[in-house]
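Undergrad: Structural data only, the sequence is not supplied:
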C-alpha cells in the first residue's frame, strides 16, 4: 500500500504527526471531563480553553464567538436552522445557491418544510454565482443568505466578500461554508465580511468529528443539542477535548504553511491538468474561475465515472467520482448538473484533489495512468 497515490484530499486528510502528538495527552492523563471542578477536570478545561483561544486568534475573532461542533455539517446546520427559526417573525426568506454542500441544501429543505421560502441561485458554466442576481434576489422578508466560499467538488471560489457586503447593507445575515477553503485561503470572518462561518478539522490534517461554528456576537444561535449547556449554551454534551486540541493545532499549522504550500500544490495541479487537457473529449470543470489550488475536476465524455475510478484504484491511485459524500451514487452530481454546460459533460466526472504532501512523481504517474485508462476505455466502447 506504500506505493499508492492518494489524490482525494478534498474528501479527507490524514492526521499530521504533530497534531496527533498534541492530542495524545487528552486521550490519557489529561483525558477528563472539562466541566469537572477537580484538578483533573481543570487540566482538561485548560486544554479546551487554550484551543479556543488559539482558534479565535487565528480567525481574528473574540473567543466567545467560537462554538466547537462535531463536524462542518453540524456547523452549517446550526447556523442556518437555528438563525432562521430565531428570525422567523422578521421574515421567512432565505437565499442560497444550487451548488451548496448537502449540509446546507438539506437544512434548507427542512426549513422549507417549516414554511420558509428558499431561493436557490443558479451558477454559470464555471460554477459562479452572479453578484447582480444575488442582489436582485434579496427581498424585504429575506433574513439569511448562505453561499459557500469554495465548492467541494469543482473548487470554484465565490465572491463572498462582495456578496456579504451586499447582504449586510440590506440587513441580511450571511453564512458561508468555508470547510474546503480553510486550508488554502484566508477565512478570517472580518476579511470576508461574513456573520457566520463553518470549518472542519479533517480537511486540514486534523481529526475527524470536530468542527467550528463562528457566529458574530449578537447572532441568535440556538442549540440543536440540549443538555448541560456546554459551549456557552450553544451545544450541550461533554466536549471532545482531544479533537478540539487537534483542530487548533492543525489549523495553526495550515495557516503558518499556507503561503508556501498553496503555490507549490497549484503548480502540481496545473501540471496534471495540462496532461489531461491533451486528451480527447475532456473538460476541466471550474476552469476560468478562481479555484482552490488543489482541485482538479474533470469530465471525460463517453466514459463512465465508476469505471475510471475503479480502474485508477486498481492501478494504485485513489480519487473520487465527484464528491465523496455522493460518490456511492451513480447519478450525476448536483454540482455538475447545475453548471451551464452541455449534458454530455455530466457523466464521467472524476475529482482529483491534491494535498500538501503530493509529490511531482505522483502527478507524473497519475497523469500517465489517466491517459492510458481513458484511451483503453474509449477503445472498448468503440468495439462494444
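TA: Looks like it arrived, so ask away. Source: prediction; values computed, not measured.
Undergrad: where do the helices sit along the stretch 1-150 of the chain?
TA: 17-23, 39-59, 72-77, 83-86, 102-113, 131-137 (DSSP state H, counting those that start in this stretch).
Undergrad: Can you show me the strands along the protein?
TA: With DSSP state E as the criterion, the chain has strands at 5-6, 66-69, 93-97, 117-121, 142-146, 173-177, 196-200, 211-215, 282-285, 295-300, 317-318, 349-353.
Undergrad: For the second one, list every residue counted as buried.
TA: Buried residues in strand 66-69, defined by neighbour count with 16 or more other Cβ atoms under 10 Å: 66, 67, 68, 69. To be clear about C-beta, it is placed using only N, CA and C from the backbone, and glycine gets the same treatment.
Undergrad: CSV for the residues you listed, including distance to residue 313?
TA: CSV is the format used below for those (distance: Cβ to Cβ, whole Å):
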residue, distance to residue 313
66, 38
67, 38
68, 35
69, 32
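Undergrad: tilt between the longest helix anywhere in the chain and strand 211-215?
TA: Longest helix of the chain, by residue count under DSSP state H: helix 241-277. Angle, helix 241-277 to strand 211-215, by axes from the mean of the first three to the mean of the last three Cα atoms, to 10 degrees: 100 degrees.
Undergrad: got the end-to-end distance for stretch 9-24?
TA: Length of stretch 9-24, first residue to last, Cα to Cα, to the nearest Å: 24 Å.
Undergrad: returning to that earlier point: tell me the most buried of the helices of the stretch 1-150 of the chain?
TA: helix 72-77 (a mean of 25; mean count of other Cβ atoms under 10 Å).
Undergrad: circling back: quick one, which of the helices of the stretch 1-150 of the chain gets closest to residue 264.
TA: Within the helices of the stretch 1-150 of the chain, the stretch nearest residue 264 is helix 17-23; the backing value is 19.3 Å (Cβ to Cβ).
Undergrad: what is the mean pLDDT for that closest one?
TA: Helix 17-23 shows a mean pLDDT of 98.
Undergrad: now for that helix, which elements pack on it?
TA: Under the contact criterion of 3 or more Cβ pairs under 8 Å, 6 or more residues apart in numbering; DSSP states H and E, helix 17-23 touches helix 241-277.
Undergrad: related to what we said a few turns ago, does anything pack onto the longest helix of the chain? Which helices or strands?
TA: Counting contacts by 3+ Cβ pairs under 8 Å, 6+ apart, helix 241-277 is packed against helix 17-23, helix 39-59, strand 282-285, strand 295-300, helix 360-382.
Undergrad: what would the ones you listed look like in TSV with distance to residue 155?
TA: Shown next, in TSV, are those (distance: least, Cβ to Cβ, whole Å):
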stretch	distance to residue 155
helix 17-23	24
helix 39-59	22
strand 282-285	9
strand 295-300	3
helix 360-382	16
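Undergrad: Those: which one's closest to residue 187?
TA: Here helix 39-59 is closest among those (Cβ to Cβ), at 7.2 Å.
Undergrad: Mean confidence (pLDDT) on that closest one, please.
TA: On average, helix 39-59 scores 97.
Undergrad: Not counting that helix itself, show me its contacts.
TA: Here helix 39-59 makes contact (Cβ atoms under 8 Å, 6 or more residues apart in numbering) with 25-26, 30-36, 62-63, 65-66, 68, 187-189, 197, 212, 214, 239, 241, 244-245, 247-248, 251-252, 255.
Undergrad: So among those residues, which ones count as buried?
TA: 25-26, 30-32, 34, 65-66, 68, 187, 189, 197, 212, 214, 239, 241, 244-245, 247-248, 251-252, 255.
Undergrad: Turn the helices of the stretch 1-150 of the chain into JSON lines, including distance to residue 288.
TA: Below are those laid out as JSON lines (distance: least, Cβ to Cβ, whole Å):
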{"stretch": "helix 17-23", "distance to residue 288": "35"}
{"stretch": "helix 39-59", "distance to residue 288": "30"}
{"stretch": "helix 72-77", "distance to residue 288": "27"}
{"stretch": "helix 83-86", "distance to residue 288": "34"}
{"stretch": "helix 102-113", "distance to residue 288": "24"}
{"stretch": "helix 131-137", "distance to residue 288": "17"}
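Undergrad: Run through the residues that contact the closest residue in space to residue 202 that isn't next to it in sequence.
TA: Nearest residue to residue 202 in three dimensions, chain neighbours excluded: residue 208, at 4.3 Å (Cβ to Cβ, 6 or more residues apart in numbering). Residues in contact with residue 208 (Cβ under 8 Å, 6+ apart) are 12, 71, 201, 202.
Undergrad: Filter those residues down to the buried ones.
TA: Counted by 16+ other Cβ under 10 Å, the contacts of residue 208 give 71, 201, 202 as buried.
Undergrad: now, the most widely separated pair of the contacts of residue 208?
TA: 12 and 71 (11.5 Å).
Undergrad: just how off-centre is stretch 266-286 within its chain?
TA: 22 Å (Cα atoms, centre = their mean, to the nearest Å).
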